[in-house]
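1. what shape does this take:
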Amino acid sequence: MSAVHKLITDHLDIWTAADTEKKSGRGRASGNANSVYGMKKLRELILELAVRGKLVPQDPSDEPASELLKRILAEKAKLIADRKIKKDKPLSPIAEDEEHYKLPSNWVWTRLGEITNFGITEKLEKIPDDIWVLDLEDIEKDTSRLLQKFKFSERRSLSDKNSFHGGDVLYGKLRPYLNKVIVADEPGVCTTEILPIRCYSTLDSDYLKNALKSPSFVSYVNARSYGMKMPRLGTEDGRKAVFPLPPLAEQHRIVAKVDELMALCDQLEAQHNNATDAHEQLVSYLLSTLTQSQDAEDFNANWQRIATHFDTLFTTESSIDALKQTLLQLAVIGKLVPQDPNDEPASELLQRIQVEKSMLVTEGKIKKTKPLAAIGDSPFDLPPNWAWARFPEVGEFGRGKSKHRPRNDPKLFNPEIYPLVQTGEVARADNLISEFHSKYSEIGLAQSKMWPQGTMCITIAANIADSAILGFDACFPDSVVGFVPYTPLKDARYFLYFMKTARADLLKFAPATAQKNINLEILESVLIPIPPLNEISRIVAKVDELMTLCEHLKSLITDSRQNQRKLADVLMDQALML
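-> Numbers count the residues shown, from 1 in each chain. Just a heads-up that it's a prediction; the model follows:
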């Protein structure tokens, strides 16, 4: 027993260091109660040790579980004889290969349907207004925390309800891998996707709850659940599940120890998440000092402060993402590469672009655009030789064509010829659109247009203001805007980097509705800081170089996290073998 406890306590650094991978790619990662993979595995280990008889010592003076089982079966037989319950279908004896691990000598294997009413439910003829009504959404997955509690008067439903008693174990049979299991603290009714379970005689309800949440039981359930999208556990499979039954006195000791250790896990995880939040806030603050630097001397001092502690600051994927965003911000405000006073000013570059644009209009290659309003107040002061401009002033800019035919008209897509890039394909972490899932026909192309490889794509619906570079010639729907810079600008990458810094501001223009979008006029009005042409080349080269380094550092962090997760898995396996 001490070896198991030692394995847990001596490796707390691994349990708390093995983070789960952050799912969101936007903004700061937010902590939650189950964000640490190692702690999740530690909780699973505690429950598995509990049902294997390895969490608390056995007491030879305890009444053996075999005697408890006899009493349970005798009480069940009496209930059947008194016609209080129906006689259920006999269950087969437990085969040797079903005993997945060796139990302590005073424990016994039984079946869940042998000692409980699993699958047998009761309905109320009339549901009182003041009775508790429980739905699956009220239970937090894995933690067994009750998130909310409603009376029938507050949540009326015409669907069937299972009634339950105080002390019943309420088991969520729909998507059982979510581990939604609680013990009722009062009578109530629940959705039929929740099974009220009670023993025919004395059994610690919290021990039963813990056993149903243990990895071995969850593994059994997952292997037998039916239904692809909404898997659920069938009644017969639930009744057949083998169940490790300890002496009643040991059940109480197990429950007390599980509660104690789970509270410790909560405390350790809260400390870890608090430290993670503090770390992210510190990184955010220090990076903000770079973009807010007043002059070169101030910038160098702020950067030196970060560089001195680089190894301790940038240790997570989210901190690397924050660094990347700051580098992009520095790039478009003129603080990433030095200015060269010998460069041609951006104002002259813009004049040359206007000459090129006028020629294209004269040649009929592009349409003349409506004049834009004069530039008023600028967001910030530009470096010398920079200038402000807007997308229509520096490149061909426009949204994909509206589908005049119905969206599901097969003639738009048959035969499939021309790649069609939609909003989902623009949301790319690598900033390059390299795949598509639909193709237009000639009819589809006739109400759209082909945009060339190298076009910057911007979404104005769904994933608003996402942007990426087109890796092939393609059409767009009206939810995607294209931008191709005029000569003498070389490519759209600088403008892509600018869009990555402008996305948060553009989201403010999206209406607070389910179908979020922004219009083309908003994008047309966005002010873009334009550096001299030579500086654009230097900025793009430096950003590409630094982004590659950031991705390399991020991959090292990812590899380290994966190794920590493997260590947590190994520790759990070792503990179960002791």
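
2. is F436 in a helix, a strand, or coil?
-> Following DSSP: H, G, I helix; E, B strand; the rest coil, the label given to F436 is coil.

3. can you give me the separation between it and E396?
-> 21 Å (C-beta to C-beta, to the nearest Å). All C-beta spots, glycine's among them, are computed from the backbone N, C-alpha and C.

4. same thing with L146?
-> Taking C-beta to C-beta as the measure, L146 and E396 are separated by 58 Å.

5. between those two, which one's more packed in?
-> Neighbour comparison, L146 and E396: the larger count goes to E396, with 20 against 15 (by other C-beta atoms under 10 Å).

6. element containing K439, please.
-> Here K439, judged by DSSP states H and E, is contained in strand 438-440.

7. show me how this protein divides into domains.
-> Here the domain assignment for the chain is 1-56+260-343+533-578, 63-246, 346-531, based on automatic domain parsing.

8. which among the ones you listed is found nearest to H252?
-> Closest to H252 of these, according to C-beta to C-beta: domain 63-246, at 5.9 Å.

9. in the strand holding K439, which residues are buried?
-> S438, K439, Y440 (16 or more other C-beta atoms under 10 Å).

10. quick one: buried residues of the helix or strand following that strand?
-> Beyond strand 438-440 on the C-terminal side, the first helix or strand identified by DSSP H and E is helix 442-446. By 16+ other C-beta under 10 Å, the buried positions in helix 442-446 come out as I443, G444, L445.

11. same for helix 442-446, what does it pack against?
-> Contacts defined by 3 or more C-beta pairs under 8 Å, 6 or more residues apart in numbering; DSSP states H and E place helix 442-446 against strand 418-420.

12. now what about the strand it packs on, what contacts it?
-> Strand 418-420 has contacts (C-beta atoms under 8 Å, 6 or more residues apart in numbering) with 436, 438-441, 444-445, 448, 450, 472-477.

13. go again with 10 Å.
-> Residues outside strand 418-420 that contact it (C-beta atoms under 10 Å, 6 or more residues apart in numbering) are 400, 412-413, 425, 433, 435-442, 444-445, 448-450, 470-477, 480.

14. from those, list the buried ones, please.
-> Buried among the contacts of strand 418-420 by 16+ other C-beta under 10 Å: 400, 412-413, 425, 433, 436, 438-441, 444-445, 448, 470-471, 474-477, 480.

15. and the domains of the chain: which comes nearest I254?
-> domain 1-56+260-343+533-578 (5.0 Å).

16. quick one: average confidence on the closest one?
-> In this model, domain 1-56+260-343+533-578 has a mean pLDDT of 83.

17. return the member of the buried residues of strand 438-440 nearest to R305.
-> Of all the buried residues of strand 438-440, R305 sits closest to S438, with 49.7 Å by C-beta to C-beta.

18. please verify my assumption that the closest one contacts G444.
-> Yes - assessed by C-beta atoms under 10 Å, S438 is found in contact with G444 at 9.1 Å.

19. what residues are shared contacts of these two?
-> With C-beta under 10 Å, 6+ apart, S438 and G444 have common neighbours L412, F413, E416, Y418, L420, C475, P477.

20. confirm that the last one sits in a strand.
-> No - with three-state DSSP as the criterion, P477 is assigned coil and is not in a strand.

21. was I right about it contacting G400?
-> Yes - with contact defined as C-beta under 10 Å, P477 and G400 form a contacting pair (4.9 Å).

22. now the helices for the stretch 451-578 of the chain?
-> 493-507, 520-525, 533-577 (DSSP state H, counting those that start in this stretch).

23. sheet partners, orientation included, of the helix or strand hosting L195?
-> Applying DSSP H and E as the criterion places L195 in strand 194-197. Using DSSP bridges, the strands paired with strand 194-197 in its sheet are strand 169-172 (antiparallel).
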